[in-house]
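Visitor: here are the coordinates; sequence isn't available:
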DNA sequence: TAAATTCGAGGACATTTGTCCTTTCAAACA
DNA sequence: TGTTTGAAAGGACAAATGTCCTCGAATTTA
């Protein structure tokens, strides 16, 4: 729970006392490798802070292929945001790549927090703004860099995931085919 | 101001009285064609609702080319969000494609609104969440569709901008070159 | 254990997209 | 009015990326 408190303090002013006051709303939970935090078609009623581990977010495209849209590492938040926010069925599945420890909050409790305290309204808004900026950055990168640049960026910015996820998933995360990624990897190692 | 009120009401519950209470924080302003709402290097201290008109958001890439990242049409919000939220110099310029009417709020006043009322905290959070979802959609489209699919989507989803913006800007918005867009347009008309 | 399946590498070829260039046309301007 | 500038179309070629395929190794399943 300590790492979650530090995470919150890094984005908004928050005293230990204030954190303690609302602590009971948050639950610790482990997610075994390959199990799901969210599933396509089910309304997602939890958001989570990743204390330890790695999660993969994907959707199914019109060719029935899994398209990975996100790898979430520890010390980050994850959720099927659209489903969680709108309380509609999820278009995304979120699966544990390895055994993962989460701190979660459910939708109803979060709405209660928002009702109870402007502190949490502020935290919620700030987090949404941050997520927006992260997504903007991701969009800009994926649309304007070549396949090779994107792979090199992944190596640099998320080196720890390279040995944990499949080539297939990495390729779809980068928006390229396996064949292209194979070529790039060969060229890099040479 | 009416259209702005309707816009707000479409995203959060808001009574006419509540809107009137805070109305004085918002200023109407016109932006002549080609003038700027935000400029690269300057800290952006306003966010705006577009009552009428069209704005283009762009940045300068490493080859000193203008890269268009957004066309914002009427009944939408615009801002150099990152700069506005963080109050750091903007990486984006926002320019009027045609004479445009805005309803704006400045950073300090918005912070005051957040302080004064949970209604505005809620509006701010909801808007941030919405912007996130829009950006997620944009990222997904641009990364997973072909040049032709993206152009057809633009024709379908933002038909009104086609005759207002240059081919050059449209191409960079779609993440493709002018040459490619020229080929696609030729193919479509045939 | 044996069979079946999945995954990753990479060959051969096709398609898409980009680069560089020229031409034309229209708008801006002295 | 004549000149300049910039936008758009498109030719020729190059580079990047995708498609389809096979192979061998690893993994899963019966």
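Guide: Happy to help now that I have it. Just so it is clear, the structure is predicted and the values come from calculations on it, not from any experiment. Residues are numbered from 1 along each chain as shown, chains lettered A, B, ... in the order given.
Visitor: Residue A:175 versus residue A:146, what's the distance?
Guide: Per C-beta to C-beta, to the nearest Å, residue A:146 is found 11 Å from residue A:175. Placement of C-beta: from N, CA and C, glycine included.
Visitor: Comparing these two, which residue is more hemmed in?
Guide: It is residue A:175, of residue A:146 and residue A:175, that has more neighbours when counted by other C-beta atoms under 10 Å in any protein chain shown, with 22 against 11.
Visitor: pLDDT wise, what is the more buried one at?
Guide: On pLDDT, residue A:175 comes in at 92.
Visitor: The residue lying farthest from the centre of chain A and residue B:117, how far apart?
Guide: Relative to the centre of chain A, and counting by C-alpha atoms, centre = their mean, the farthest-placed residue is residue A:190 at 32.9 Å. As judged by C-beta to C-beta, residue A:190 and residue B:117 stand 61 Å apart.
Visitor: which bits of chain A sit near DNA strand C?
Guide: With C-beta under 7 Å from any atom of the strand as the criterion, chain A meets DNA strand C at residues A:166, A:167, A:168, A:178, A:179, A:181, A:182, A:185, A:186.
Visitor: Tell me if the fifth one really is in a helix.
Guide: When you say that, I think you mean residue A:179. Yes - the assignment for residue A:179 by DSSP: H, G, I helix; E, B strand; the rest coil puts it in a helix.
Visitor: Show me how chain A divides into domains.
Guide: As given by automatic domain parsing, the domain ranges for chain A are A:2-129, A:145-190.
Visitor: Need the winner for burial among those.
Guide: domain A:2-129 (a mean of 17; mean count of other C-beta atoms under 10 Å in any protein chain shown).
Visitor: how big is the angle separating the worst-scoring helix or strand of chain A on mean pLDDT from helix B:118-144?
Guide: Across the helices and strands of chain A, mean confidence by mean pLDDT, DSSP states H and E is lowest for helix A:118-144: a mean of 89. Put simply, helix A:118-144 runs at 20 degrees to helix B:118-144, going by axes from the mean of the first three to the mean of the last three C-alpha atoms, to 10 degrees.
Visitor: Helix A:118-144 near DNA strand D anywhere?
Guide: No - Helix A:118-144 does not reach DNA strand D (C-beta under 7 Å from any atom of the strand); its nearest approach is 11.0 Å.
Visitor: what's the closest non-adjacent residue to residue A:50?
Guide: Spatial nearest neighbour of residue A:50, chain neighbours left out: residue A:74 (4.9 Å); criterion: C-beta to C-beta, 6 or more residues apart in numbering or on different chains.
Visitor: for the one you found, what are its contacts?
Guide: Residue A:74 is in contact with A:50, A:51, A:52, A:53, A:54, counting by C-beta atoms under 8 Å, 6 or more residues apart in numbering or on different chains.
Visitor: Show me the contact partners of stretch A:176-188.
Guide: A:147, A:148, A:150, A:151, A:152, A:167, A:168, A:170, A:171, A:174.
Visitor: any idea how far residue A:178 is from residue A:171?
Guide: Relative to residue A:171, and taking C-beta to C-beta, residue A:178 is found at 5 Å.
Visitor: what's the offset of stretch A:172-182 from the middle of its chain?
Guide: Chain-centre distance of stretch A:172-182: 20 Å, with C-alpha atoms, centre = their mean, to the nearest Å.
Visitor: Briefly note if that stretch comes near DNA strand D.
Guide: Yes - using C-beta under 7 Å from any atom of the strand, stretch A:172-182 comes into contact with DNA strand D via A:175, A:176, A:177, A:179, A:180.
Visitor: Export the residues of chain A next to DNA strand C as TSV, with columns for pLDDT.
Guide: Formatted as TSV, the residues of chain A next to DNA strand C follow (pLDDT from 0 to 100):
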residue	pLDDT
A:166	96
A:167	96
A:168	96
A:178	96
A:179	96
A:181	97
A:182	97
A:185	96
A:186	95
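Visitor: what about the helices in chain A?
Guide: Applying DSSP state H to chain A gives helices spanning A:2-11, A:16-22, A:81-86, A:107-116, A:118-144, A:147-157, A:167-174, A:178-189.
Visitor: just to revisit the earlier point, any idea of the pLDDT on the residue farthest from the centre of chain A?
Guide: In this model, residue A:190 carries a pLDDT of 74.
Visitor: ditto for residue A:25
Guide: 97.
Visitor: roughly how far apart are residue A:149 and DNA strand D?
Guide: 8 Å (C-beta to the nearest atom of the strand, to the nearest Å).
Visitor: Sounds good, over and out.
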